[in-house]
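> Just to be clear, the model below is a prediction. Sequence and coordinates:
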Amino acid sequence: AAERERRLQERERLIEERRQEQARLDAEERRKEQERWEQQQREQEAAERERRESRGGSGTAAEAAILVSQRTQNPREFFQQRERSGSASGPALPGGPPGARRPFLRYQRSLTESAFIFRRPEPPQTPLPGASRGAPLPS
């Protein structure tokens, strides 16, 4: 029984040594992986800084200018138009504060009102390609 107990303790000691060695190897591998990852991050940041410096910062501004020039209408005018059409529409919500309105009704009403308003079309701000210069506008 004593010999069996000694062999069992020896086996447990060997198993524990193997676990500790494996844990040490795993920790070393994680440390190396962490170092590789940090090195890659530093290289990427350096490359990004280099790209920004070579662009001179004007790339973002130029990109924004291109996007703005592609707009078909002025966003401020859109919101002002919605504000004008929404201010005269809809009763206040019952049981709510006096200024509260139903936004979906206001929206529907503004679309309906804008569909039935007949007014002279505004002349285009930029001439259309192929349009003759000096031609009278249709009445």
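Here it is on my side, so go on. Numbers count the residues shown, from 1 in each chain.

> Can you name the next helix or strand after the host helix or strand of Glu28?
For Glu28, the host element (DSSP states H and E) is helix 2-55. Moving toward the C-terminus from helix 2-55, the next helix or strand (DSSP H and E) is helix 58-69.

> in the protein, which helix or strand is least confident?
Here the helix or strand of the chain ranked lowest by mean pLDDT, DSSP states H and E is helix 103-116, holding a mean of 55.

> how about Arg71, secondary structure?
Here Arg71 is recorded as coil under DSSP: H, G, I helix; E, B strand; the rest coil.

> Quick one: residues contacting it.
Arg71 makes contact with no residue, according to CB atoms under 8 Å, 6 or more residues apart in numbering. Using the backbone N, CA and C atoms, a C-beta is placed for each residue, glycine as well.

> Same check on Ala64?
Here Ala64 is in contact with no residues (criterion: CB under 8 Å, 6+ apart).

> Look up how far Arg42 lies from it.
Per CB to CB, to the nearest Å, Ala64 is found 30 Å from Arg42.
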